[in-house]
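Peer 1: Structure for the following, please:
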Amino acid sequence: MKLGIRLQLFAGFGVVLLILVIVGVIGYVKLNEADVAIDSIGKGEVPAIQSVYEVEAAALTIRRDVRQAIIVTSEADRKKATDDLNLQVKSITVQMSILDKLQVTTDGKAQLAALKAAYTPWVAEQQQIATLASAGKDAEATTILLSASGTKMREAIDAALKDLIDGKMQRVDATVKTAQDSSTQAIMLMIGAVVVGVIAGLGIAFVVSQKLAGSANQLAAAAAGLAAGNVNQQLTVKSNDEMGELARSFEAMIGTLRALVAETMRLVEAAKAGRLSERGDEAKFQGAYADL
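Peer 2: Numbering: from 1, shown residues only. Okay, here's the model as predicted:
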């Protein structure tokens, strides 16, 4: 199969270009994975963490309002504490609804379910305490507030909030690590593609230049030999490219000159022997060589 020098160069650099394109596509995919990971943090985990902290802050405010409702003596102050408690309950309800929409993992849904299970009886107890305090039943309200069951409920909701926050932070850390790994892989692939491209390009250039230089040197030596009268030399260029064609044409020319010298020597010997009528065999030659 004939493969010209130009085609060899195009094929070689085409391979390099193909490698760069493939690595570029893989790098783009990796960078896109990193972008998706970061986007998931911005659209899912960060708002969810913010909502959990809002629930935690509202829960602490409810505890303060319950104690305030017991401590204060005026009806106006107790009503203010109770109204603020109810406001915080509404805020938690809103944040819980937001969290419902943001939970996409099985673990996240389970942790939110645990928080709801701890919150429902706890908030009911807090509202009961506030109602008793508003009715002036401070001793009964205090008893419930300091009861073992009340303490257990507070611990349960604190643990549920901590688990949900920890779970969110772990997912953020894992997502950030995924994004960093994808970015690192993309960078390494790009660097690798450049290195491979440079090595491949230099390799192709070296192979082609060596091939051209070797063929050119043989042709130059053959030309010098012809100039010195050497018509018995042989070329070893066997490639199928343009240099091979040039070498074969050069060999044909050497063969013609060899035959011409041999025919000339035959006529000289015939003349020495007195056969002056003997003529050269023009059928062996073409063009100007036949005219000689």
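
Peer 1: from here on, contacts and neighbour counts on C-alpha atoms
Peer 2: Will do.

Peer 1: Give me the pLDDT for the residue lying closest to Asp84 once chain neighbours are set aside.
Peer 2: The shortest distance from Asp84 to any non-neighbouring residue, by Cα to Cα, 6 or more residues apart in numbering, is to Asp65 (7.0 Å). On the pLDDT scale, Asp65 is placed at 91.

Peer 1: what do you get for Ile129?
Peer 2: At Ile129, pLDDT is 90.

Peer 1: can you give me the helices for the stretch 1-150 of the chain?
Peer 2: Using DSSP state H, counting those that start in this stretch, the helices of the stretch 1-150 of the chain run over residues 5-40, 46-71, 75-102, 106-134, 138-145, 148-227.

Peer 1: Figure out which of these is closest to Leu235.
Peer 2: The minimum distance between Leu235 and the helices of the stretch 1-150 of the chain falls on helix 148-227, with 6.9 Å, by Cα to Cα.

Peer 1: and the direction of the helix or strand just after that closest one versus that of helix 5-40, what angle?
Peer 2: Counting by DSSP states H and E, the element after helix 148-227 in chain order, helix or strand, is helix 242-272. Angle of helix 242-272 versus helix 5-40, following axes from the mean of the first three to the mean of the last three Cα atoms, to 10 degrees, is 170 degrees.

Peer 1: Output the contacting helices and strands for helix 242-272.
Peer 2: helix 148-227 (3 or more Cα pairs under 8 Å, 6 or more residues apart in numbering; DSSP states H and E).

Peer 1: just checking, what packs against the helix it packs on?
Peer 2: helix 5-40, helix 46-71, helix 106-134, helix 242-272.

Peer 1: which parts of the first one are buried?
Peer 2: Read that as helix 5-40. 5, 9, 12-13, 16, 19-20, 23-24, 26-28, 30-34, 37-38 (16 or more other Cα atoms under 10 Å).

Peer 1: picking that back up, now the helices of the stretch 1-150 of the chain in JSON lines, with distance to Gln234?
Peer 2: Shown next, in JSON lines, are those (distance: least, Cα to Cα, whole Å):
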{"stretch": "helix 5-40", "distance to Gln234": "23"}
{"stretch": "helix 46-71", "distance to Gln234": "80"}
{"stretch": "helix 75-102", "distance to Gln234": "82"}
{"stretch": "helix 106-134", "distance to Gln234": "80"}
{"stretch": "helix 138-145", "distance to Gln234": "111"}
{"stretch": "helix 148-227", "distance to Gln234": "8"}
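
Peer 1: Now tell me which of these the model trusts least on average.
Peer 2: helix 5-40 (a mean of 74).

Peer 1: Tell me which other helices or strands it touches.
Peer 2: Looks like helix 5-40 contacts helix 148-227 (3+ Cα pairs under 8 Å, 6+ apart).

Peer 1: quick one: the helix it packs on to helix 46-71, angle?
Peer 2: 160 degrees.

Peer 1: relative to helix 138-145, how tilted is helix 148-227?
Peer 2: 40 degrees.

Peer 1: Now do helix 148-227 against helix 106-134, angle only.
Peer 2: Using the same axes, to 10 degrees, helix 148-227 lies at 150 degrees relative to helix 106-134.

Peer 1: Figure out how far helix 148-227 is from the centre of its chain.
Peer 2: The chain centre lies 7 Å from the centre of helix 148-227; the measure is Cα atoms, centre = their mean, to the nearest Å.

Peer 1: One more: stretch 104-120?
Peer 2: With Cα atoms, centre = their mean, you get 35 Å for stretch 104-120.
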